[in-house]
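> Make a model of this:
(2 chains)
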2 protein chains.
Amino acid sequence: MTGKLLELSYGAALQERSDGVGVAWAELEAAEPSLRDADVWLRSKANRKKEGFGWIDLPHADLEAILEAGEWLASFDAVIQIGIGGSALGNRMVAGALLHPCHNELALAERKTPRFYVVENVDPRSTKALWQMIDPARTAVVVVSKSGSTAETMTNFLWIWEAMKRSLGEEAAMKHLLVVTDPEKGLLRAFAESRRCRSLPLPSTVGGRYSVLSAAGLAASAALGVDVAALQEGAREMDDRLALRSRLADNPAWIVAGLHWIHGCRGRNMTVLMPYVDGLKDFTEWFAQLWGESLGKEGQGTTPVRALGAVDQHSQVQLYTEGPDDKLFTIINVDDLGETALIPPVSDLELEPLAYLGGQEMGAMLHAEARATASTLASLGRPVLWLDLPGLDAFHLGGLIYFYEYVTALTGRLLGINPFDQPGVEQGKRFTCGLMGRKGFEADGKASKEAFVRIEGRHLSF
Amino acid sequence: MTGKLLELSYGAALQERSDGVGVAWAELEAAEPSLRDADVWLRSKANRKKEGFGWIDLPHADLEAILEAGEWLASFDAVIQIGIGGSALGNRMVAGALLHPCHNELALAERKTPRFYVVENVDPRSTKALWQMIDPARTAVVVVSKSGSTAETMTNFLWIWEAMKRSLGEEAAMKHLLVVTDPEKGLLRAFAESRRCRSLPLPSTVGGRYSVLSAAGLAASAALGVDVAALQEGAREMDDRLALRSRLADNPAWIVAGLHWIHGCRGRNMTVLMPYVDGLKDFTEWFAQLWGESLGKEGQGTTPVRALGAVDQHSQVQLYTEGPDDKLFTIINVDDLGETALIPPVSDLELEPLAYLGGQEMGAMLHAEARATASTLASLGRPVLWLDLPGLDAFHLGGLIYFYEYVTALTGRLLGINPFDQPGVEQGKRFTCGLMGRKGFEADGKASKEAFVRIEGRHLSF
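Numbers count the residues shown, from 1 in each chain, chains lettered A, B, ... in the order given. Next comes the predicted model:
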């Protein structure tokens, strides 16, 4: 497939300023050798089989088993995906961008496609509410956990699986289950093998936050009618093109990674991702995990701030324009919004001041607002990146996904940290196990309680 | 009504540290006179009729007209609320906390209560998708804008109103419309008066982000079955109790405002609000507007970061624990989660390592995770506030809403800025008008285009 994947304008992220917080082109250029090294590291064949690098191969993976599973899932009235973090955010992101905005309601009314539920939190109200909405006999369950021991996912699985068995009997329930997990090891793999239930592999080299283009993200998406081959093709095309761009000025991923690095060094400790289209709202949630969990370590990493245009003009833009200069902004504009809606002429006398809107496209207004916000920020000297996406279809979304995975990994390498691990979440997990009375975690439970004593050391009941 | 409204533990937000970024009790105490002054300013009778102060009176307002409108709205199959920012976020927040998590699907299946749609963005795909879901003959439209000239709201109103008129005829359509706007001035007030359609007042002294306890937030909520009197009562009770606490050590709002102020001065330029309950996810969105738009001015203000436990343990907690020490954390724990779900005993041999979960409450796990995260952060020396909410009902939600409104206004006064205006959003509005060809805004259109030339000064098509 040819055609444009995206356009990047970054003039307002480079600024000659006398106050020491501007970034000159020469500084970005000085980072070019580091970016080239990072790129070589990322693409090295020797690294490819190592923990964390597996996502680079996903655009080239065989989709047959995923498409087959998707077809099977599509025969149900509802699909429940149980997963958390990377096993949920990618699905929400794809669904948010490519499905009808009222997908479940429409599916309930028309019964042409399964409804889709993601069970993520261990909130009894949410899990029970969802259970109330489905008919077990017409529902498939997809459980996603690489290790099979993710506490939240397995808690929900135990609960929902028990409810399925109680409704259908174990043998019949097993015909409603798809397990997505490590191909070789872990609790869920052992469970799937012993029960001979359906399963798909989540390669051990693919981290959760980089897993959306694996079975974790694609199986349910395929069931809901998403063109997962086009999603993968967009990612592959992005990968192929990036591989050919060996000069900074030609490579959008190097530019975006380099600018994030330098602005971070200038004390801008937040990166705001603000698409101007409802369909990318969940993309910012997915990006927030990718960025935050990959880069927040060793005292480094900027904080991802999720925003949505034009909505956040009425919430966050006051802060963005007049608050501290501590953010790098990326505004995503989508050229083809996929729908048109003509604003009718204003005939009411009382509404005459709105006459300028009449006869214009609603989408033109969204585009104008994106440009207005970007140019306001730029005119105030705030650093702004502008990304143009031709359209919000599977192909271009696939390209955008891979672009941000690539940028994130490059930025991690520039920071000198490992963008594929997450050592900082372990202590909380151990504390939880301790507090839940798991054997072998007694010391963690005690340490957690002691730390909590300090929290409660000053206390007010009101 | 008596009983606990909330509990605050703040021991881990006060830390004796040698690195210059800790906060001692003595420093908070030094802020007590400023907090007392800010409180006097906020409660002064002389200020009460001024722009922005009106929210303080909302807990005491008469609800009769709102309840009557709610009853009328409840007779429809669907209610569409058109509004943006404060005219949308409050409704989402109340609905998210107090309605069934799958409200619209349930309403579609059972037809006992109206479905509820909020039209906020000017995204043609969203507006048209929603229109596809409703039957105009069984749908009420609530349009909310104090001035009646909010561009996004009025664009959607013009489009939806035209579609309603086309379906039903103008006279019949008028019987489906509720206008919530300034009682005396503005385009929508003139429109409502001339058409003699239903309307409710949005007092001119109440800013959008402080308007949830006015008709803007309560009319549709009442229609959906929310106990808006209890919501208001919770706010009133919070107000009454705060008024009696004239010592720092007794006043949770003073403590929370003071700690935010001091940690902001220590360079912690983000405030993370992380409730451990799905029902408060939209509360963090509502809070983000309240905090960001009230305080982000004159180069000041910390950035609100929206989080959700336990979900963000698998997304943001890596960054929170091992990234820079640039955040003040508030974890909200809800004692009574409103539902119970017993995790079944683990009978499968392969899942034996999960046996510690069996027989425990799912909610106990959520509580343990909240404590684990708070104690992990505290043990790493990160500042943490812990808020306990007895339950997520209308009364306690009302109290929490008013508490954060109060804290935000106090913090603004400590910063020496006006927490009730939003001057920084004007330039973007003018730029949009200019780009949309509105008469009188030609110079703004030109300025916006010129600023955009600089953005595009460096450009890459890919």
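
> Only the buried residues of stretch A:190-202, if you could.
For stretch A:190-202, burial by neighbour count (16 or more other Cβ atoms under 10 Å in any protein chain shown) applies to A:A190, A:F191, A:A192, A:R195, A:R198, A:S199, A:L200, A:P201, A:L202. (C-beta placed from N, C-alpha, C; glycine too.)

> Can you spell out which residues form a bridge with the fifth one?
This means A:R198. A:L178 (DSSP bridges).

> what is the mean pLDDT for the longest strand seen in chain A?
In chain A, assigned by DSSP state E, the strand with the most residues is strand A:327-336. Per-residue pLDDT values across strand A:327-336 average out to 98.

> how about that strand as PDB, C-alpha atoms only?
The C-alpha trace of strand A:327-336 is given here as PDB (Å, rounded to 0.1, in the frame of the first residue of the first chain):
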ATOM      1  CA  LYS A 327       4.900  20.600  28.800                       C
ATOM      2  CA  LEU A 328       5.700  19.400  25.300                       C
ATOM      3  CA  PHE A 329       2.500  19.300  23.300                       C
ATOM      4  CA  THR A 330       1.500  17.000  20.500                       C
ATOM      5  CA  ILE A 331      -1.700  17.800  18.600                       C
ATOM      6  CA  ILE A 332      -3.000  15.100  16.300                       C
ATOM      7  CA  ASN A 333      -5.300  16.300  13.500                       C
ATOM      8  CA  VAL A 334      -7.200  13.800  11.400                       C
ATOM      9  CA  ASP A 335      -7.900  15.100   7.900                       C
ATOM     10  CA  ASP A 336     -10.800  12.800   7.000                       C
END
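
> tell me the mean pLDDT for the helix or strand just after that strand?
As assigned by DSSP states H and E, the chain's next helix or strand after strand A:327-336 is helix A:362-379. Averaging pLDDT along helix A:362-379 yields 97.

> And stretch A:300-317, by the same measure?
97.

> Report the two of the buried residues of stretch A:190-202 separated the most.
A:R195 and A:L202 (17.6 Å; Cβ to Cβ).

> in stretch A:129-136, what counts as buried?
Quick answer for stretch A:129-136 (16+ other Cβ under 10 Å): A:A129, A:L130, A:W131, A:M133, A:I134, A:P136.

> That should have said stretch A:53-73, apologies.
Buried-residue list, stretch A:53-73, by 16+ other Cβ under 10 Å: A:53-59, A:61, A:63, A:66-67, A:69-70, A:72-73.

> same check, this time on stretch A:164-184
A:M164, A:K165, A:L168, A:A173, A:M174, A:H176, A:L177, A:L178, A:V179, A:V180, A:T181, A:D182.

> What segments of the stretch 1-150 of chain A are strands?
Remark: strands assigned in the stretch 1-150 of chain A by DSSP state E, counting those that start in this stretch are A:7-9, A:78-82, A:115-119, A:139-144.

> For A:W72, give its distance to A:W131.
22 Å (Cβ to Cβ, to the nearest Å).

> next one: A:D39
Taking Cβ to Cβ, one finds A:D39 at 47 Å from A:W131.

> where does the stretch 1-150 of chain A have low pLDDT?
A:1 (pLDDT under 70).

> again, 80 this time
Within the stretch 1-150 of chain A, the stretches with pLDDT under 80 are A:1-2, A:16-21.

> Where do the domain boundaries of chain A fall?
A:7-44+A:231-415, A:61-226 (automatic domain parsing).

> check contacts around A:G85.
A:G85 sits next to A:G208, A:R209, A:Q289, A:E293, B:V311, B:H314, B:S315 when contact means Cβ atoms under 8 Å, 6 or more residues apart in numbering or on different chains.

> next one: A:S18
Taking Cβ under 8 Å, 6+ apart, one finds nothing in contact with A:S18.

> From chain B, how far out is it?
17 Å (Cβ to the nearest Cβ, to the nearest Å).

> Next: A:P390.
Applying Cβ to the nearest Cβ to A:P390 and chain B gives a distance of 10 Å.

> Surely that residue forms part of a helix?
No. Counting by DSSP: H, G, I helix; E, B strand; the rest coil, A:P390 is not part of a helix but strand.

> What pLDDT does the model give the residue most central in space within chain A?
By Cα atoms, centre = their mean, chain A has its centre lying nearest to A:W286, at 1.6 Å. A:W286 carries a pLDDT value of 98.

> List the buried residues for stretch A:369-389?
A:369-379, A:382-389.

> Report whether the longest helix along chain A contacts chain B.
Criterion DSSP state H: the longest helix present in chain A is helix A:394-415. No. Judged by Cβ under 8 Å from any Cβ of the partner chain, helix A:394-415 stays clear of chain B, getting no closer than 8.7 Å.

> what sits against the most far-flung residue of chain A relative to its centre?
Of all residues in chain A, A:L349 has its C-alpha farthest from the mean position, at 46.3 Å, by Cα atoms, centre = their mean. If you count contacts by Cβ under 8 Å, 6+ apart, A:L349 has them with B:S194.

> For chain B, what's its nearest residue on the stretch 151-300 of chain A.
Using Cβ to the nearest Cβ, the closest approach of the stretch 151-300 of chain A to chain B is made by A:G296 at 2.6 Å.

> That residue: neighbour count?
Applying other Cβ atoms under 10 Å in any protein chain shown, we find 25 residues neighbouring A:G296.

> Nearest spatial neighbour of it, chain-adjacent residues omitted?
Spatial nearest neighbour of A:G296, chain neighbours left out: B:L319 (2.6 Å); criterion: Cβ to Cβ, 6 or more residues apart in numbering or on different chains.

> distance of the one you found from A:S214?
For B:L319 relative to A:S214 (Cβ to Cβ), the value is 24 Å.

> Over to A:L242?
20 Å.

> do A:A368 as well
Applying Cβ to Cβ, the value for A:A368 to A:S214 is 39 Å.

> for A:G186, same thing?
Counting by Cβ to Cβ, the gap from A:G186 to A:S214 is 15 Å.

> do A:R111 as well
29 Å.

> and A:E352, how many neighbours?
12.

> now it, nearest residue through space, not along the chain?
A:V346 (6.5 Å).

> how about the buried residues of stretch A:53-73, which pair is most distant?
Among the buried residues of stretch A:53-73, A:F53 and A:W72 lie farthest apart (Cβ to Cβ), at 30.5 Å.

> Spatially nearest residue to A:V256 (excluding sequence neighbours)?
Nearest to A:V256 is A:V407, by Cβ to Cβ, 6+ apart, at 4.9 Å.

> What is the burial count for that neighbour?
Neighbour tally, A:V407, other Cβ under 10 Å: 23.

> and what of A:D278?
What A:D278 shows, counting by other Cβ under 10 Å, is a neighbour count of 25.

> Quick check, pLDDT for it.
Reported pLDDT for A:D278: 98.

> Does it touch A:A310 like I think?
No. Judged on Cβ atoms under 8 Å, A:D278 makes no contact with A:A310 at a distance of 10.2 Å.

> Are there residues contacting both of these two? Which ones?
With Cβ under 8 Å, 6+ apart as the test, A:D278 and A:A310 both reach B:N121.

> A:G11 - nearest residue in space that isn't next to it in sequence?
B:G457 (3.2 Å).

> burial count for A:V226?
When neighbours are counted by other Cβ under 10 Å, A:V226 comes out with 22.

> typo on my end, it should be A:E456
Quick note: A:E456 (other Cβ under 10 Å) scores 14 neighbours.

> again with the one 3 residues further on
With neighbours defined by other Cβ under 10 Å, the count for A:H459 comes to 13.

> re the thing from before, ok, A:A368 and A:S214, which is more surrounded?
A:S214 (27 against 24).
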